[in-house]
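1. prediction below, plus the sequence it came from.
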Amino acid sequence: MYPLKIPEKYDKNKLESLANRFTTCYLWNYLPWDYSSWKWSHTWVDIIPTKSNDDVYCVLNWVVEKAENNSSIWNYVVIKHIWVKDPNDFSKTTTLYSCYLHLSEFSVSVWNNIKEWDILWKTWSTWMSSWEHLHFQIDRIEAPYHVYWPYTTTDTNNAWVSFLEWVNLWLWLENAKKYTVDPLVYLNNLEENIIENWYFSDVDKTFEYFDYLNDLASSWKVKWYEDWTFKPNNNITRAELLKLVFVLSWKVLKDDNENYFTDVKSTDWFKKYINSWVNYKVISTSNSQFRPNNYISKVEALKIILLLLVWEIPNSYTKNFKDVSSNEWFAKYVEYTINNDLLEVSWEYFEPNKAITRWEVITVLYRLW
């Protein structure tokens, strides 16, 4: 995904027609009306947001390497991504660093764990900018430092040229190619590779809903881990389940920007889904905390899934599970689950409060479909 929500897709073969959005591109220059690429020292892409002070998104998972301030570029953030596809060979993995410059603010700190789609900061215009934009680049692990530049201030002083003039010179172009990646081209290729060649190495391809799981992944509805596995036996968090069920329900977001829970920040990627569920009256605000990163129990997950994806749940309970009585709030959801063969459970125990796994969620969703 791109670091900004924009309507255009980056295409290095159509840079002139995209110049109003991508004002300076990878290995470009600052020469007017020159749209040739891969000839100069510009290691990043400058992206114009659709609105001022727009949200900036993390493009891949892992951890914040830098969150600092510089007098010329203002706030900037560098994120380290391990086990990502190697730009030169997608059959291999490597470590890359995504860099975001000219920010008005940021809500992250060094060593914060970061997920793709997290809203992390805002765009801005610093003294080094002619207009508000996001400087976005991706460095390779081999780069000697981050944010990588192919030349230093000493280089420019010795050559008697300014910083901007040096970009227009081809000197150190090979270093730019060696230590950085064409950032939006890489993200485009990554998405296309996922859609066309997706598979989870830890999920048996003979399972009846293997294709369904892959469809969810390729459409970015279900998330994977940094080593490109699904880890089906891992538990799912409350926030992850809410987001997944919401995008599958095709409901319209109803985020009123209220702060209903003390442990949900305005910058959290899941806040809009939690607020929407509150406004759809699927979750209650009776508790001050939502515990978004806690694992969700089997019956809590079933309630959310069934309320959103099934028109009506009969209020009855005829089963004989030793750990579910007819007066429990979740009894009707257990009944519906068993009657419709949505989950495989033992004959005597349903284990209602046990955390539901990622694979069990996919099973329920597939069988409901």
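-> Yep, it's here. Numbers count the residues shown, from 1 in each chain.
2. where does pLDDT dip in the stretch 151-300 of the chain?
-> 151-171, 193-199, 214-215, 217-228, 250 (pLDDT under 70).
3. now do the strands in it.
-> Per DSSP state E, counting those that start in this stretch, the stretch 151-300 of the chain carries strands over the ranges 180-181.
4. so which residues of it form helices?
-> 153-159, 163-167, 173-179, 183-197, 210-218, 238-249, 271-279, 298-309 (DSSP state H, counting those that start in this stretch).
5. please name every helix or strand in contact with the third one.
-> The reference is to helix 173-179. strand 134-140 (3 or more CB pairs under 8 Å, 6 or more residues apart in numbering; DSSP states H and E). Backbone N, C-alpha and C define where each C-beta goes, glycine included.
6. let's see stretch 114-129 as PDB, backbone CA atoms only.
-> The C-alpha atoms that make up stretch 114-129 are tabulated as PDB, following Å, rounded to 0.1, in the frame of the first residue of the first chain:
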ATOM      1  CA  ILE A 114       4.400  -0.900  13.500                       C
ATOM      2  CA  LYS A 115       1.900  -2.500  11.300                       C
ATOM      3  CA  GLU A 116       1.100  -1.800   7.700                       C
ATOM      4  CA  TRP A 117      -1.900   0.600   7.400                       C
ATOM      5  CA  ASP A 118      -1.100   2.200  10.800                       C
ATOM      6  CA  ILE A 119      -1.700   6.000  10.600                       C
ATOM      7  CA  LEU A 120       1.500   7.400  11.900                       C
ATOM      8  CA  TRP A 121       1.900  11.100  11.100                       C
ATOM      9  CA  LYS A 122       0.800  14.100   9.000                       C
ATOM     10  CA  THR A 123       2.200  15.800   5.900                       C
ATOM     11  CA  TRP A 124       3.600  19.300   6.100                       C
ATOM     12  CA  SER A 125       5.700  21.900   4.200                       C
ATOM     13  CA  THR A 126       9.100  22.700   5.500                       C
ATOM     14  CA  TRP A 127      11.500  25.400   4.500                       C
ATOM     15  CA  MET A 128      13.200  23.000   2.100                       C
ATOM     16  CA  SER A 129       9.800  22.400   0.300                       C
END
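7. give me the contacts around that stretch.
-> By CB atoms under 8 Å, 6 or more residues apart in numbering, the surrounding residues in contact with stretch 114-129 are 1, 4, 49, 52-64, 72-75, 77, 79, 100, 102-108, 131-134, 223, 267-269.
8. show the buried residues in the residues you listed.
-> Buried subset of those (neighbour count, 16 or more other CB atoms under 10 Å): 4, 49, 54, 56-62, 64, 73-75, 77, 79, 100, 102-104, 106, 108, 132-134, 223, 267-269.
9. tell me which of these fall in strands.
-> 56-57, 62, 64, 74-75, 77, 79, 100, 102-104, 106, 134 (DSSP state E).
10. which element is W359 on?
-> Secondary structure assignment for W359, by DSSP states H and E: helix 358-368.
11. list the buried residues of that helix.
-> Residues of helix 358-368 classed as buried by neighbour count (16+ other CB under 10 Å): R358, W359, E360, V361, I362, T363, V364, L365, Y366.
12. same question, stretch 230-250
-> Those would be 230, 232, 235-246, 248-249, for stretch 230-250 by 16+ other CB under 10 Å.
13. cool, and stretch 339-353?
-> The neighbour-count check on stretch 339-353 (16+ other CB under 10 Å) flags L342, L343, V345, F350, P352 as buried.
14. cool, and stretch 315-334?
-> Burial within stretch 315-334, assessed by neighbour count using 16+ other CB under 10 Å, is assigned to Y317, F321, V324, F330, A331, K332, Y333, V334.
15. the helices of the stretch 151-300 of the chain: which one's closest to E8?
-> Nearest of the helices of the stretch 151-300 of the chain to E8, taken as CB to CB: helix 183-197 at 10.2 Å.
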